[in-house]
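Student: Generate a structure from the sequence data that follows.
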Amino acid sequence: MECQHLLACLAGVLVDLPQRSISLGKGMYKAGYQQQLQQLFLSWKAPEMRRVVGLLQQYITLTLYQQQAITHGVTVATKLLGLLHDANDTSGVVDICEFYNDAVNEPDFNVKEDYRRWTEPGIEFSFCHHPWVYDPASKSRVLQLENQMQQFQAFESSMMRALMGGSSEVCPFLLLKVRRGPYLLSDTLLQINNAKNNGNLKKPLKVKFVGEDGVDEGGVQKEFFQLLVRQCFNPEFGMFVYSEETHLHWFHASSMDLDTEFELIGILIGLAIYNSHILEFQFPVVLYKKLMGQSVGLEDLSELHPEVSNSLKKLTIMSEQEIESLGLTFQIEAEGGFGERIPVDLISNGSHTPVTAHNVQQYAEEYAQHLLVRSVSRQFSAFKKGFDRLCSGRALQFFRPVELEQLVCGGRVVDLNALQAATHYDDGYHEHSTAIKWFWEVVHALDDDQQKRLLFFITGSDRVPIKGLGHLSPPFVISRNGSEDSRLPTAHTCFNHLLLPAYRDKETLRQRLLLAIENAEGFGLL
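Tutor: Numbering: from 1, shown residues only. Purely as a prediction, here's the structure:
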């Protein structure tokens, strides 16, 4: 405890050092002490950074566990950890997950109280002020709290208007009544546009398929988003293109006026985040950087256009004679919207500006800017405008671009242990049933691809929610479905519900399960 107290005192001294510059006379100034600390931290290699970060994390974790309170020591240790984090943001010597704190990311940590401290005026410290201590799952909990607060306010406002007679509207939900099939997209876009104009987007979402009696407790919404994404990202619709090489979607660079449609697609993606649903599409990380307001460049091109990126990188290291022999200028050909190719200047007077060894790096950067920014600026601006209508809260800024992608589309790591621990059983099954024991033995023996296919079979998606498989909504349920060996397992993907017959032996179960998952087809299975 003495060492821990000493560490807290030292952290307090360091974070309280003056930040102002110190005059040395004759107009010369020495950097403030905290700036000198930053320079010191920037010079550290991974072992030094990891050792000090580990000590501070241990102190914060032990104090939170033992004291069950945010002490002054925890406050100053977190602030010092913040200086290390800022330095590491530049140097990148250790992984960002080194700054996630174990105690803060425990399921029983009171995130709601920390959120209250963050939003209440006059309270100086909250871990929300230092969001890098939160892992992506905990950040999503904070975001969910913020969304729930906004939904409650929209709900309350709607009810008050109805009670006061100031509005004919009485529904406290954003209720979408849609038809299946070819009408789904048009019905949705029309109602979303009306909700946007009426200020109803932030109400809790409810979905009803016309002519069906299903009550939306989450499963109907899940199916709605699955079906809708298939239509929105269909290449025939003309808004997005899909690369068979990278398995990624991107905006279709064209001159067609689809601003309203792109804005509404942005709203739909915002709705999915706002109502805690993951979506079945793949954008490159550069999209999420742009949504977060970060600059993008040549280093971001490789994920979306690997061949172009490699060619540009090779070009930048060619000799002067090799570059001149190519006869390149700052003008390229690009798609005009209807399949034709049109000339595009990358800079002013680009067609008359040759690429040389002196400006080849600028050429590569301008080319990347054209592909990632300028050629799709109209489409992206409309898309972001829609996205921001629902996702402009402060908590979204906690996420890094890769974490935002995980929030929207889910993760790729399938943790079957977490899924098994959270599974519910019904219709005569329990965790010690023979068929259930066989099921988990078979499932744990599957390879990675088969595990993703199993996940797709039971949930309709091969991606993992940001909180992990232990937090599926609705929770995963396995029900007994007769005992005929000829019957295949079936699933209600909207409810994460597996119907598993009580087979006579494990081998029969394995064969029937593999046959079922290998023949499951749908959008999003990679």
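Student: For the stretch 101-250 of the chain, just list every one of the strands.
Tutor: Secondary structure of the stretch 101-250 of the chain (DSSP state E, counting those that start in this stretch): strands at 174-178, 205-209, 240-243, 248-251.
Student: doesn't Leu312 make contact with Tyr367?
Tutor: Yes - between Tyr367 and Leu312 there is a contact at 6.0 Å, judged by C-beta atoms under 8 Å. All C-beta spots, glycine's among them, are computed from the backbone N, C-alpha and C.
Student: three-state assignment of Phe283?
Tutor: The local conformation at Phe283, judged by DSSP: H, G, I helix; E, B strand; the rest coil, is coil.
Student: quick one, what contacts it?
Tutor: By C-beta atoms under 8 Å, 6 or more residues apart in numbering, the contact list for Phe283 reads 248-250, 405, 409.
Student: Can you tell me which of the residues you listed lies closest to His72?
Tutor: Glu405 (37.4 Å; C-beta to C-beta).
Student: tally of neighbours for that closest one?
Tutor: Residue neighbour count, defined by other C-beta atoms under 10 Å, stands at 21 for Glu405.
Student: Check for me that it belongs to a strand.
Tutor: No - read with three-state DSSP, Glu405 is helix and lies in no strand.
Student: Quick one: the helices in the stretch 301-450 of the chain, in order.
Tutor: Secondary structure of the stretch 301-450 of the chain (DSSP state H, counting those that start in this stretch): helices at 301-304, 306-316, 320-326, 360-372, 377-388, 401-409, 416-421, 434-444, 448-459.
Student: and Ala137, which of the ones you listed is closest to it?
Tutor: helix 401-409 (9.4 Å).
Student: circling back to that earlier point, looking at the helices of the stretch 301-450 of the chain, which is closest to Ser243?
Tutor: Nearest to Ser243, of all the helices of the stretch 301-450 of the chain, is helix 301-304, at 7.6 Å by C-beta to C-beta.
Student: ok now the closest one, how far from the chain's centre?
Tutor: The chain centre lies 18 Å from the centre of helix 301-304; the measure is C-alpha atoms, centre = their mean, to the nearest Å.
Student: for it, which positions count as buried?
Tutor: 301-302, 304 (16 or more other C-beta atoms under 10 Å).
Student: what about Met318, neighbour count?
Tutor: Residues near Met318, counting by other C-beta under 10 Å, number 14.
Student: OK, contacts around Leu416?
Tutor: Contacts of Leu416 (C-beta under 8 Å, 6+ apart): 440, 443-444, 451, 469.
Student: I misspoke; the intended subject was Ala516.
Tutor: Listed by C-beta under 8 Å, 6+ apart, the contact set of Ala516 reads 457, 488-490.
Student: can you tell me which helix or strand it belongs to?
Tutor: helix 506-518 (DSSP states H and E).
Student: wait, doesn't Lys290 sit right on Ser381?
Tutor: No - look at Lys290 against Ser381 with C-beta under 8 Å: they stay out of range, at 10.0 Å.
Student: Among these two, which residue is more densely surrounded?
Tutor: The neighbour comparison of Lys290 against Ser381 (other C-beta under 10 Å) goes to Lys290, with 20 against 13.
Student: May I have the helix or strand where Thr90 lies as CSV, with CA atoms only?
Tutor: Assessed by DSSP H and E, Thr90 sits inside helix 72-91. Extracted in CSV, the C-alpha atoms of helix 72-91 (Å, rounded to 0.1, in the frame of the first residue of the first chain):
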residue,chain,number,x,y,z
HIS,A,72,-8.0,11.7,-5.7
GLY,A,73,-5.3,9.1,-6.4
VAL,A,74,-7.4,7.5,-9.1
THR,A,75,-8.1,11.0,-10.6
VAL,A,76,-4.4,12.1,-10.9
ALA,A,77,-3.2,8.6,-12.0
THR,A,78,-5.8,8.7,-14.8
LYS,A,79,-4.7,12.2,-15.8
LEU,A,80,-1.1,11.0,-15.9
LEU,A,81,-2.2,8.0,-17.9
GLY,A,82,-3.8,10.5,-20.3
LEU,A,83,-0.4,12.2,-20.9
LEU,A,84,1.1,8.8,-21.8
HIS,A,85,-1.9,8.0,-24.0
ASP,A,86,-1.5,11.3,-25.9
ALA,A,87,2.2,10.6,-26.4
ASN,A,88,1.4,7.1,-27.6
ASP,A,89,-1.1,8.4,-30.1
THR,A,90,1.8,10.0,-31.8
SER,A,91,4.5,7.3,-31.3
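Student: now for it, which elements pack on it?
Tutor: Contacts defined by 3 or more C-beta pairs under 8 Å, 6 or more residues apart in numbering; DSSP states H and E place helix 72-91 against helix 2-15, helix 33-42, helix 46-67.
Student: For that helix, buried residues please.
Tutor: Neighbour counts over helix 72-91 (16+ other C-beta under 10 Å) mark 73-85, 87-88 as buried.
Student: separation between Asn234 and Tyr242?
Tutor: 9 Å (C-beta to C-beta, to the nearest Å).
Student: mean confidence score for stretch 186-195?
Tutor: Computed over stretch 186-195, the mean pLDDT rounds to 90.
Student: Buried residues of that stretch, list them for me.
Tutor: Residues of stretch 186-195 classed as buried by neighbour count (16+ other C-beta under 10 Å): 187-189, 191-192, 195.
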